[in-house]
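Student: Following is a predicted model, sequence given first.
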Amino acid sequence: MTDFTDQFIHAAELIDQADGLLVTAGAGIGVDSGLPDFRGTEGFWKAYPALAQARIRFESIASPSAFAEDPKLAWGFYGHRLNLYRSTLPHDGFRFLVELADQMPKGAFVFTSNVDGQFGKAGFRDSEVCEVHGSIHHLQCMEGCASDIWPATEFYPEVDEEHCHLTNALPTCPHCGGLARPNILMFNDGGWLDFRQRNQQHAMSKWLATVQRPVVIEIGAGTAIPTVRMMGQSIDAPMIRINAREAQVSRSYDVSLPMGALEGLQGIELALGAS
Ligand SMILES: NC(=O)c1ccc[n+]([C@@H]2O[C@H](COP(=O)([O-])OP(=O)(O)OC[C@H]3O[C@@H](n4cnc5c(N)ncnc54)[C@H](O)[C@@H]3O)[C@@H](O)[C@H]2O)c1
Ligand SMILES: [Zn+2]
């Protein structure tokens with residue numbers, strides 16, 4: 001078994017010298033909480049057997065046209081995910097990230113393509129999180145009421161999982177009564193309302209400008225949709241990359257931790273305690 005002690009110590013040193021923490025995260029961070037990532041079509045179909053049976057790919061169900069053509073199917077998929085994310089407890093690595101954020105002189109920010117709200121659940125404040133692809137816990141109108149994004153708190157989806165089908169009433173827009181959809185950026189999605197995300201991105205830029213020595217911890221960000229990776233790499237900061245399958249880094253001062261999110265974060269916490 002490979003010994004990662006040196007990498008953990010190096011990661012702890014990078015964190016010790018930093019005055020601000022940027023956490024960049026993709027679906028892989030949630031796997032140790034029991035959530036699926038959607039790595040490849042096979043991975044996606046393993047998580048959603050009903051869609052596998054109908055040969056419907058992630059790119060097809062995650063689209064405005066799926067909501068237009070078969071809203072009960074599209075909400076079967078998103079309703080199942082909404083219930084899953086609501087009932088999931090973030091693993092202990094999230095607790096460590098919250099504590100680390102509190103210890104940083106300039107605090108922290110989270111940049112994630114996850115729509116699952118797990119960082120908020122773990123204790124990060126809304127003002128510290130940028131959900132670049134939106135949030136499943138928020139809804140918007142499908143029909144073009146373009147000025148409102150509202151919380152999904154009053155919608156309790158009931159889903160026939162075998163058929164990926166919503167069995168209770170579809171959520172509706174409080175303004176026009178039309179169909180509501182998740183405020184998530186989907187594929188071929190010209191109708192996504194992005195002002196919530198743009199405000200968050202603006203807050204992140206303002207925060208970054210206050211930090212002199214940022215460090216990036218990237219966790220479970222894939223390469224197929226590289227938004228999260230590109231963000232972390234675009235700022236001038238050392239990076240600690242935790243990824244179960246694709247943890248390579250290109251700069252000698254970065255740290256690669258090829259392992260699960262929980263194991264990686266626990267290793268860093270231990271090394272920080274010892275330093
Ligand atoms: N929870 C969510 O909100 C969620 C879940 C799946 C997909 N999505 C959406 O789909 C797209 C998927 O992109 P993505 O890059 O986030 O996910 P992805 O599924 O493409 O990639 C997941 C990454 O996590 C790594 N990984 C797997 N298990 C891990 C573990 N236990 N610990 C650490 N790393 C692990 C994989 O090697 C991979 O690099 C995004 O646009 C996102 O909005 C969101
Ligand atoms: Zn409307």
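Tutor: Thanks, I have the structure now. Ligands and ions are numbered 1, 2, ... in the order given.
Student: Briefly note if the helix or strand of the chain with the lowest mean pLDDT comes near ligand 1.
Tutor: Using mean pLDDT, DSSP states H and E, helix 40-47 stands out as the lowest-scoring helix or strand of the chain, at a mean of 87. No. Using Cβ under 6 Å from any ligand atom, helix 40-47 never reaches ligand 1; the gap is at least 6.7 Å. (Glycine included, C-beta is placed from N, CA and C.)
Student: Show me which residues of that helix are buried.
Tutor: Using 16 or more other Cβ atoms under 10 Å as the test for burial, helix 40-47 gives F44, W45, A47.
Student: Contacts for that helix next, please.
Tutor: Here helix 40-47 makes contact (Cβ atoms under 8 Å, 6 or more residues apart in numbering) with P36, D37, F38, L51, A52, R57, F58, A224.
Student: Without its sequence neighbours, what residue ends up closest to the third one?
Tutor: Nearest in space to F38, with sequence neighbours left out and distances taken as Cβ to Cβ, 6 or more residues apart in numbering, is F44 at 4.4 Å.
Student: Just the CA atoms of the helix or strand that contains A74, as PDB, please.
Tutor: Secondary structure assigned from DSSP states H and E places A74 in helix 71-87. Below are the C-alpha coordinates for helix 71-87, written out as PDB (Å, rounded to 0.1, in the frame of the first residue of the first chain):
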ATOM      1  CA  PRO A  71     -42.300  16.600 -17.300                       C
ATOM      2  CA  LYS A  72     -43.300  13.700 -15.100                       C
ATOM      3  CA  LEU A  73     -40.200  11.800 -16.300                       C
ATOM      4  CA  ALA A  74     -37.900  14.800 -15.900                       C
ATOM      5  CA  TRP A  75     -39.200  15.500 -12.400                       C
ATOM      6  CA  GLY A  76     -39.000  11.800 -11.700                       C
ATOM      7  CA  PHE A  77     -35.200  12.200 -12.100                       C
ATOM      8  CA  TYR A  78     -34.800  15.600 -10.400                       C
ATOM      9  CA  GLY A  79     -37.400  14.800  -7.700                       C
ATOM     10  CA  HIS A  80     -35.500  11.600  -6.800                       C
ATOM     11  CA  ARG A  81     -32.300  13.700  -6.500                       C
ATOM     12  CA  LEU A  82     -34.000  16.400  -4.500                       C
ATOM     13  CA  ASN A  83     -35.200  13.800  -2.000                       C
ATOM     14  CA  LEU A  84     -31.800  12.100  -1.900                       C
ATOM     15  CA  TYR A  85     -29.900  15.300  -1.300                       C
ATOM     16  CA  ARG A  86     -32.400  16.400   1.300                       C
ATOM     17  CA  SER A  87     -32.000  13.200   3.300                       C
END
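Student: can you tell me if that helix touches ligand 1.
Tutor: No. Figure legend: helix 71-87 not in contact with ligand 1 (Cβ under 6 Å from any ligand atom); closest approach 6.8 Å.
Student: which strands and helices sit next to that helix?
Tutor: Counting contacts by 3 or more Cβ pairs under 8 Å, 6 or more residues apart in numbering; DSSP states H and E, helix 71-87 packs against helix 58-61, helix 64-69, strand 134-141, strand 159-160, strand 165-166, strand 180-184.
Student: buried stuff in it?
Tutor: Of the residues in helix 71-87, 71-82, 84-86 count as buried by neighbour count, 16+ other Cβ under 10 Å.
Student: For the chain, which residues are neighbours of ligand 1?
Tutor: Checking the chain against ligand 1 by Cβ under 6 Å from any ligand atom, the hits are 26-28, 30-32, 35, 37-39, 113-116, 133, 220-222, 224-225, 242-246, 260-261.
Student: filter the residues you listed to the buried ones?
Tutor: Of these, these count as buried by 16+ other Cβ under 10 Å: 26-28, 30-32, 35, 37-39, 113-116, 133, 220-222, 242-244, 260-261.
Student: What residues sit buried inside stretch 163-176?
Tutor: Neighbour counts over stretch 163-176 (16+ other Cβ under 10 Å) mark C164, H165, L166, L170, P171, T172, C173 as buried.
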